[in-house]
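Engineer: my questions concern the predicted model and sequence given below.
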Amino acid sequence: MLALDVRHLNKSYQNFGLENVSFQLEKGYIMGFIGANGAGKTTTIKSILNMIRPDSGEVHIFGKNIAEHEIELKQDIGYAFGDIDFYTRSKMKTLTDVIKKFYTHWDDETYYNYLRRFKLDENKKIIDLSTGMRVKYNLALALSHGAKLLILDEPTSGLDPVARDDLLDIFQELVMDGEISIFFSTHITSDLEKCADFITFIENGKIIQSAEKEEFMESYRLLNGSETQLSQVREKLIAYKVNSFGFTGLIHARDFDSSSDIKATTPSLEEIMIYFAKREDMYV
Amino acid sequence: MYNLVIKDLKLGVNPMFFVFPFLIGALMLVPGWIYFIVPLYFCWITIPNMFSGYRTQNDLIFTTMMPVTRKDMVKARLFVIVLLELMHIVIAMIYGMITLRIYPNVNYYFFAPHMGFWGLCFVMLAIFNVIFIPMFYKTAYKHGPAAWGAITATMVFAGIAQWLGIQNDFVSDVFNGSGADNNVLQASILIVGIVIFIAFNVVAYKMALKRFRQVEIK
C-alpha cells in the first residue's frame, strides 16, 4: 500500500515553480527528499499537507486525496519542521495538554514512554530544549496520536553529529514493524546514505529521480580523467569540473561506456546533488 | 472549535488581556470623561498585541498542521475576540453604574454612561470587527494594516457620534438629557446596538472565511 502518492503537482510562483512533481512512498519505508536550498522541498511538503494549493495535481495519503479528506488524514500524519518553532515560551506540558485534545487516538501511556525514552522533561519550556530535543518532542507528539506517516522538513539540520545519528537510529526503529512511514527532506545527504530506503531528488522544482537508494546511486557514475578524455564524454556529462589534473564529472550510468579507460566510481548523494546544481549554473 | 478556543485561551492570549478589562474599565470612574475611550483601549492595545503574539509564535502554521478546518479556525478566533470585547463592555458597564451612583450631580459634556451609550459602544466594536477580521484574513498574517483600518473607522464613528452628542440638541437630549431617564428608550438603543454587533460579526465571519480559504500558508 502507498503511504504517500504525489501525482503531477504543478505550482507556479513568479520566480519559481513546481513542475510535474510525482513520486510514491510505500508504507513502512523511509524516503529521503533531497535538493539544494530553494529547490522546492518545502513547497512540495506544504502541498502535501494542503497548506498551499497546487495549480494542478493530487496528493493521496493512504489512498485518500488530502484535498478531500484533510481532517481525517491529519489524524494520521505527524510532522516536524526543523526550523519553525511554536509557542516556545510555554512548557511542554502545557503545549501537550492543548495538542492532545485535537487527536482522537491520543494515548497518554505512549506519550510518557517516549518522553522517558527521549529523556524529555515535560516541565521544561520549548525554548530551553536543544534543536534535537525539539525534533524528538515533535516525534513523541506524533507517535502518541498514532501517526502512521511522519512528514519531516529538515529535521536533522542544525543537529550535532551525535544527535543526528541518534535521531536516524530512531527513524529506522520506527519503520521496523512496517506500520510507520517516514518522508523527510534534508540537504544533509549523509543522513540518507545511512537510513533512507528511497531517495527522491528535486532540483529547481522538478523531480530528477525517485528511486530505491542503491539503484539511485548506481544510476550515476562519477568520472575522473584527463582533459583529452573529457572531449570523449563531454556531450554526455551532466556537469563537470576541470582542474589541473584533468576533470571530474557526473554522467548517467546508461550513457557511460564501461569499456572506456576513464576511471569511474559510484558517486555519493552529495556529489550527485552538487553536479546537478552545477548543471543548472552552466545553462543559466 | 471548542479545542481551538481552549488553545487560544491557554497558549495564544496573554492572561494579562483578561485582567485588562478590569483595569481599563476602572477609567469609567473618572467623572465626566470621554467614555468612548474605554472600549477603544481594546482596539488600541489588546488586538495589536494579541495578533503580534500569534505571529511570533507561528500560531498559523501550528494550527494548520492539526486536524482542524479553516472554518473552525476563523470561528474560534472570532469567538475569542468577541469574548474579550464582551468582557470589556460588561465590566465597563458595571463601573459605569457605580459612577452614576457615586457622582449623581456631574454635568456631562460627553456621553454619560447610560444604557444607550453602551449601545453606541456595541456599534463601535461591530465596526471594528467588520473591518479588522476580514482584512486580517486576507493574509491571516498582516494584522497591522487591518488594525489601522479598523481603528481609524472606529475612531471616526466615535468622533462623529460624540460630536453629534454635543452639537445636536436631539442626540444630546436622547443620551444625556431627558432621554437618559427613559429606560425604554435607553434599553432600545442598547438592544439595537447589540443586534448590529451580532449582524456585523456574522458578516465579518463570512467574509473572513471566504478570504481565508484562499490563503496559502507559508
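Structural biologist: Received the coordinates, thanks. Residues are numbered from 1 along each chain as shown, chains lettered A, B, ... in the order given.
Engineer: where does chain B come near chain A, residue by residue?
Structural biologist: B:3, B:6-7, B:10-11, B:57-59, B:61-62, B:64-69, B:216-218 (C-beta under 8 Å from any C-beta of the partner chain). The way it works is simple: take the backbone N, C-alpha and C, and place the C-beta from them, glycine included.
Engineer: list only those of those residues flagged as buried.
Structural biologist: B:3, B:7, B:11, B:57-59, B:61-62, B:64-68, B:217 (16 or more other C-beta atoms under 10 Å in any protein chain shown).
Engineer: in strands, which of those residues appear?
Structural biologist: Per DSSP state E, strands hold no members of these.
Engineer: redo those residues as a markdown table? Include pLDDT.
Structural biologist: Formatted as a markdown table, those follow (pLDDT from 0 to 100):
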| residue | pLDDT |
| --- | --- |
| B:3 | 93 |
| B:7 | 93 |
| B:11 | 91 |
| B:57 | 90 |
| B:58 | 90 |
| B:59 | 92 |
| B:61 | 90 |
| B:62 | 91 |
| B:64 | 91 |
| B:65 | 90 |
| B:66 | 91 |
| B:67 | 93 |
| B:68 | 94 |
| B:217 | 86 |
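Engineer: now for the top helix by length along chain B, which elements pack on it?
Structural biologist: Using DSSP state H, we find that the single longest helix of chain B is helix B:70-102. Counting by 3 or more C-beta pairs under 8 Å, 6 or more residues apart in numbering or on different chains; DSSP states H and E, the packing neighbours recorded for helix B:70-102 are helix B:2-7, helix B:16-25, helix B:37-41, helix B:115-136, helix B:183-212.
Engineer: which residue sits closest to residue B:125, ignoring its sequence neighbours?
Structural biologist: Once flanking residues are discounted, residue B:125 sits nearest to residue B:85: 5.1 Å by C-beta to C-beta, 6 or more residues apart in numbering or on different chains.
Engineer: got a list of what the residue nearest the centre of chain B touches?
Structural biologist: Nearest to the geometric centre of chain B sits residue B:125, at 3.6 Å (C-alpha atoms, centre = their mean). Shown in contact with residue B:125 (C-beta atoms under 8 Å, 6 or more residues apart in numbering or on different chains): B:39, B:42, B:43, B:85, B:89, B:154, B:197.
Engineer: the closest residue in space to residue A:28 that isn't next to it in sequence and residue A:141: what is the separation?
Structural biologist: Nearest non-adjacent residue to residue A:28, counting by C-beta to C-beta, 6+ apart: residue A:178, 3.6 Å away. As judged by C-beta to C-beta, to the nearest Å, residue A:178 and residue A:141 stand 22 Å apart.
Engineer: one more: residue A:61?
Structural biologist: 18 Å.
Engineer: care to break chain A down by domain?
Structural biologist: What automatic domain parsing lists as the domains of chain A is A:2-212, A:219-283.
Engineer: just the buried residues of stretch A:150-157, please?
Structural biologist: A:150, A:151, A:152, A:153, A:154, A:155, A:156, A:157.
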